[in-house]
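Enquirer: after the sequence you'll find the predicted model.
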Amino acid sequence: MSIIVQKYGGTSTRSYESRQRMYKNMIREVNAGNKIVAVVSAMGRFDDPYATDTLLSIVANEYLNNEELDRLTSIGETLSTLVIKSELEQMGYPVVTISNDELGIITDEDFQNATILEVEGKRILEKLENAKIAICPGFQGQTRSGQITTLGRGGSDLSAVAIGIAVEAKEVEIYSDVNGIYTADPRIVPDAVKLDYISYAEMLELAGNGAKVLNLRCVQLAAKHNIVIHARSSFEQ
């Protein structure tokens, strides 16, 4: 059984139409004989009703501690897993959802910007035995005592690589609204050149200097475990 981990951000999960494009990517790999572990973000951006920043905007943040804020902001990703599961099942595909407790991502207690200490993929693999696709909430883990933590901005990228290592994935695909790695942001610099390949060291330099294509800690973890990341567009098939 070959497993491919696919990560989808808020631009992919935000609407029924954008999710249909996401499903085509999953189904293509299922039809090719692979199993999919999809790591998903909350649906949309600020002002979308279930986006992380929207959830934060409905509370008086100063009256919640960081552990409570992590419990709040983890809700968006969990909701995404259930919406996606229901839609894919309706299309006839056997799908399972993975809860925070089943992720196997153990972190320290630095709430809102936790560091991953270890990852165990046993429960994801067990659930995949009876399904083609497993939907995981991105951006989160838990402490050894079971408290929910979040991994900071771009944390779903980090989740995807960590889970890819734990389930011994064939590859990790990071889907965003940009189709690959460019010499500059193509949305700002029209003549930016798309790179066919970039080394870990070069990507670390770009991420360290503020490039938002891949999370810095995600690249560091991939380099440590020699995991190949494919940066793909959510809007191209």
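Expert: Looks like it arrived, so ask away.
Enquirer: which element is S156 on?
Expert: helix 155-166 (DSSP states H and E).
Enquirer: could I have that helix exported to PDB, CA atoms only?
Expert: Taking C-alpha atoms only, helix 155-166 is exported to PDB below (Å, rounded to 0.1, in the frame of the first residue of the first chain):
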ATOM      1  CA  GLY A 155       1.400  24.700  11.000                       C
ATOM      2  CA  SER A 156      -0.600  22.500   8.600                       C
ATOM      3  CA  ASP A 157       2.500  22.200   6.400                       C
ATOM      4  CA  LEU A 158       4.400  21.000   9.400                       C
ATOM      5  CA  SER A 159       1.600  18.600  10.300                       C
ATOM      6  CA  ALA A 160       1.700  17.100   6.800                       C
ATOM      7  CA  VAL A 161       5.400  16.400   6.800                       C
ATOM      8  CA  ALA A 162       5.300  15.000  10.300                       C
ATOM      9  CA  ILE A 163       2.400  12.700   9.400                       C
ATOM     10  CA  GLY A 164       4.200  11.700   6.200                       C
ATOM     11  CA  ILE A 165       7.200  10.600   8.200                       C
ATOM     12  CA  ALA A 166       5.000   8.700  10.700                       C
END
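Enquirer: which is the next helix or strand following that helix?
Expert: Taking DSSP H and E, what comes next after helix 155-166 is strand 171-176.
Enquirer: now the residue nearest the centre of the chain: how far from S99?
Expert: Centroid-nearest residue in the chain: S156, 3.4 Å away (criterion: Cα atoms, centre = their mean). Distance, S156 to S99, by Cβ to Cβ, to the nearest Å: 16 Å. C-beta here means a position set from N, CA and C on the backbone, and glycine is covered the same way.
Enquirer: other SSEs contacting the helix holding S156?
Expert: The contact analysis (3 or more Cβ pairs under 8 Å, 6 or more residues apart in numbering; DSSP states H and E) places helix 155-166 against strand 3-8, strand 35-40, strand 105-107, strand 116-119, strand 140-142, strand 171-176, helix 216-225.
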